[in-house]
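In: When you get a sec, could you give me coordinates for this:
(one chain, ligands or ions: 2)
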Amino acid sequence: MSSHILAVDDEKDMTRLLQRTLEPEIDCKVSMAFSAKMAMTILDQQVFDLVICDIRMPGMDGFELLEHIRSNYPDLTMVMLTAFGNIESAVKAIKKGAYDFIPKPFEQDEIIFKIKKALERSLLLKENKRLLREKQTRAFELIGRSEPMQRVFDQISLVASSDVTVLITGESGTGKDLTARSIHALSPRKNNAFIPVNCPTIPEHILESELFGYKKGAFTNAVRDREGLFQAADRGTIFLDEIGDIGPLIQTKLLRVLQEKEVKPLGDTKVKKVDVRIIASTNRNLKQKIADNEFRQDFFYRLNVLPIELPPLRDRITDIPVLSEHLVAKHCKKMKKEPKIISKEVMDLLMKQPWPGNVRELENILVQGILYSKNDTLLLHDMPLENVSMKKSNLPGFDTSSVVSLPYKEAKEKILREFNHDYIGARLSMTNGNITRAARQCHMDRQALQQIMKRFSIDPELFR
Ligand SMILES: Nc1ncnc2c1ncn2[C@@H]1O[C@H](COP(=O)(O)OP(=O)(O)OP(=O)(O)O)[C@@H](O)[C@H]1O
Ligand SMILES: [Mg+2]
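Out: Ligands and ions are numbered 1, 2, ... in the order given. Predicted structure coming up:
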């Protein structure tokens, strides 16, 4: 596939010269931007392998663009164009993270050689990242770089080698199922069965015979002996999904299995020893259920030997980029489509969503995006953004219906005023009008907060 280069220079002739020099010699397409700001907009919408950028430009200069690129596209390789003989700025560019520099005016051979080298480096970086991601995926399938997820990975590694019962808790769609599978896959039982049981979908009176099996004649339809899921999971793992929803009878029977490591099929007089590792999960608050007499406390303690709590996606938004890339790659492969890239605009918006349905909701939106998208990049208009933006406007304090008829500036000012009055007002009332403490809570310094309060005429006296 040919490489995509962005040439940034306020001198239009220079960008054209770069295009004319490079395109016939290297398998690449050179796009042009005539200011750093224009480059930023283009970078938001398209994916590049390399940026060639002049240092001295009116307005935002090349160093500032370099900084912007370092923090927003850390894997993007950058080569700077420097004025001939200006070694100082060349050194500064390298120090700030540029890969190389090319003095102007340049020799054709020199620039072709340097750009080829920079493109090779860019490809290598991409390949490394892909391999790293693949390795991580193979080991766990669970993706996450955030601190809370790193803690979860540590817990998984810790419990995988033993036989202890694990209780996985977390909101719907946070990856409880995947966590249970990862524990099994990393355990010495990995070559034996992993049997998931979705407890609430099996009616209570059938669940018992499903789990423990039955003897011929145990009930009207029991025409032959049948083994239960516990026996099927022998030497493997049984995953009791949504255990918070099972009734008291099964709780009592499961408690016995946990205590005695044996099961009694329905209608049988004898018990059978089983060697099964139990992993359970729930999105319910079991402590509350215990308080409401809906869940046995002794059963809870037996289950909760090693708890793993999965954090909701909104508490680990730094995982959204890796997770989204992983999910897009996974589904493109599944749908037999070429791999797609996520544009920065889309990624920014994904990171701002509250995601009440967690990773499953993110996955659904990305799958729809893949289906709509026509080329190799997921753009804003490919995404089912009505859903996303509706959710956004449902956020408290972001109801724009009262201002849509106003001109933009006035509308923005009005919303800003309302937001500041609500937000800072809430902070001040929590601190009884103490500005220093309110500022600390807002992670701002006192002076900055005071300035905003002055601008929007927020009177601290009202809260004292
Ligand atoms: N950390 C993760 N890395 C990669 N994929 C994930 C991760 N967490 C969740 N997923 C994906 O999100 C979807 C939902 O995950 P999963 O079924 O494990 O969640 P759950 O907590 O069991 O949800 P529920 O409570 O609704 O049963 C799955 O398709 C899963 O592959
Ligand atoms: Mg689940």
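In: Where does the stretch 1-150 of the chain get nearest to ligand 1, which residue?
Out: Here the residue of the stretch 1-150 of the chain nearest ligand 1 is residue 143; by CB to the nearest ligand atom that distance is 3.7 Å. Yep, even glycine has a C-beta here, placed from its N, CA and C like the rest.
In: separation between that residue and residue 354?
Out: Separation of residue 143 from residue 354 (CB to CB, to the nearest Å): 20 Å.
In: model confidence over stretch 365-375, on average?
Out: Across stretch 365-375, the average pLDDT comes to 90.
In: hmm, back to that, which of residue 143 and residue 354 has more residues huddled nearby?
Out: residue 143 (20 against 13; other CB atoms under 10 Å).
In: low-scoring stretches of the stretch 51-200 of the chain, by residue?
Out: The stretch 51-200 of the chain contains residues with pLDDT under 70 at 130, 132-140.
In: residue ranges for the helices of it, please.
Out: 62-72, 87-95, 108-140, 147-160, 176-185 (DSSP state H, counting those that start in this stretch).
In: Let me know whether the residue of the stretch 1-150 of the chain closest to ligand 1 touches residue 322 as I believe.
Out: Yes - counting by CB atoms under 8 Å, residue 143 does reach residue 322; the two are 5.5 Å apart.
In: in this protein, what residue is nearest ligand 1?
Out: Going by CB to the nearest ligand atom, ligand 1 is nearest to residue 175 of the chain, at 2.7 Å.
In: what's near enough to touch that residue?
Out: Residue 175 is in contact with 142, 310, 358-359, counting by CB atoms under 8 Å, 6 or more residues apart in numbering.
In: Next step: the residues you listed restricted to strands.
Out: Per DSSP state E, strands hold no members of these.
In: Would you mind giving the domain segments of this structure?
Out: 3-135, 157-310, 314-393, 408-463 (automatic domain parsing).
In: Of all those, which one is nearest residue 150?
Out: Residue 150 lies closest to domain 314-393 among the domains of the chain, at 9.9 Å (CB to CB).
In: and residue 218, how many neighbours?
Out: Residue 218 sits with 16 neighbouring residues when counted by other CB under 10 Å.
In: The spatially closest residue to it that is not a sequence neighbour and ligand 2, how far apart?
Out: Ranked by CB to CB, 6 or more residues apart in numbering and with sequence neighbours excluded, the top spatial neighbour of residue 218 is residue 267, at 2.7 Å. To ligand 2, residue 267 is 32 Å away according to CB to the ion, to the nearest Å.
In: same check, this time on residue 248
Out: 23 Å.
In: for the closest residue to that residue other than its chain neighbours, what are its contacts?
Out: Closest residue in space to residue 248, ignoring its immediate chain neighbours: residue 296 at 6.9 Å, by CB to CB, 6+ apart. Residue 296 makes contacts with 248, 251-252, 255, 290, as judged by CB under 8 Å, 6+ apart.
In: what's residue 296 sitting at in phi/psi?
Out: phi -70, psi 130 (degrees, to the nearest 10).
In: And stretch 420-440, what's buried?
Out: Buried residues in stretch 420-440, defined by neighbour count with 16 or more other CB atoms under 10 Å: 420, 424-425, 427-428, 431, 434-435, 438-439.
In: actually stretch 374-385, not the one I wrote
Out: For stretch 374-385, by 16+ other CB under 10 Å, it's 377-379, 382-383, 385.
In: what's whichever strand or helix holds residue 231 packed up against?
Out: Taking DSSP states H and E as the criterion, residue 231 maps to helix 229-232. For helix 229-232, the packing partners by 3 or more CB pairs under 8 Å, 6 or more residues apart in numbering; DSSP states H and E come out as strand 194-198, helix 204-212.
In: so which of those gets nearest residue 152?
Out: Comparing the helices and strands packed on helix 229-232 by CB to CB, strand 194-198 comes nearest, at 18.9 Å.
In: Pull the distance from that closest one to the chain's centre.
Out: Computed by CA atoms, centre = their mean, to the nearest Å, the separation of strand 194-198 from the middle of its chain amounts to 26 Å.
In: again, but for stretch 171-186
Out: Relative to its chain's centre, stretch 171-186 lies at 15 Å (CA atoms, centre = their mean).
In: can you tell if it touches ligand 2?
Out: Yes - using CB under 5 Å from the ion, stretch 171-186 reaches ligand 2 at 176-177.
In: What sits closest to residue 77 if chain neighbours are left out?
Out: residue 122 (4.1 Å).
In: Report how many residues lie close to the one you found.
Out: Neighbour count of residue 122, defined by other CB under 10 Å: 21.
In: do the same with residue 113
Out: Neighbour count for residue 113, taken as other CB under 10 Å: 11.
In: Up against ligand 1, what does the stretch 1-150 of the chain have?
Out: Contact residues (CB under 6 Å from any ligand atom) of the stretch 1-150 of the chain with ligand 1: 142-144.
In: Throw those residues into a markdown table and include distance to ligand 2, thanks.
Out: Below are those laid out as a markdown table (distance: CB to the ion, whole Å):
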| residue | distance to ligand 2 |
| --- | --- |
| 142 | 13 |
| 143 | 17 |
| 144 | 17 |
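In: now, among these, which is nearest to residue 108?
Out: Of those, the one sitting nearest to residue 108 (CB to CB) turns out to be residue 143, at 44.5 Å.
In: check contacts around residue 429.
Out: Counted by CB under 8 Å, 6+ apart, residue 429 has contacts residue 463.
In: Quick check, pLDDT for it.
Out: With respect to pLDDT, residue 429 has a value of 75.
In: same check, this time on residue 319
Out: 93.
In: Is it part of a helix or strand, or is it coil?
Out: State at residue 319, reduced to three classes by DSSP: H, G, I helix; E, B strand; the rest coil: helix.
In: That one touches residue 146, doesn't it?
Out: Yes - counting by CB under 8 Å, residue 319 touches residue 146, with 4.7 Å between them.
In: which of the two has more neighbours?
Out: Shown here are residue 319 and residue 146; by other CB under 10 Å, residue 319 has more neighbours (22 against 18).
In: Okay, and whatever residue of the stretch 251-400 of the chain ends up closest to ligand 2 sits in which element?
Out: Distances between the stretch 251-400 of the chain and ligand 2 by CB to the ion are smallest at residue 281, namely 6.3 Å. For residue 281, the host element (DSSP H and E) is strand 277-282.
In: thinking again about what came up before, tell me which of the helices and strands packed on helix 229-232 sits nearest to ligand 2.
Out: Going by CB to the ion, the one of those nearest ligand 2 is strand 194-198, 7.8 Å.
In: So in that sheet, which strands flank the closest one, and in what orientation?
Out: Here strand 194-198 is paired, per DSSP bridges, with strand 237-241 (parallel).
In: then the partner strand to CSV, C-alphas only?
Out: Extracted in CSV, the C-alpha atoms of strand 237-241 (Å, rounded to 0.1, in the frame of the first residue of the first chain):
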residue,chain,number,x,y,z
THR,A,237,-14.0,-24.8,35.0
ILE,A,238,-17.7,-24.0,35.5
PHE,A,239,-18.7,-20.4,35.0
LEU,A,240,-21.9,-19.5,36.9
ASP,A,241,-22.9,-16.3,35.1
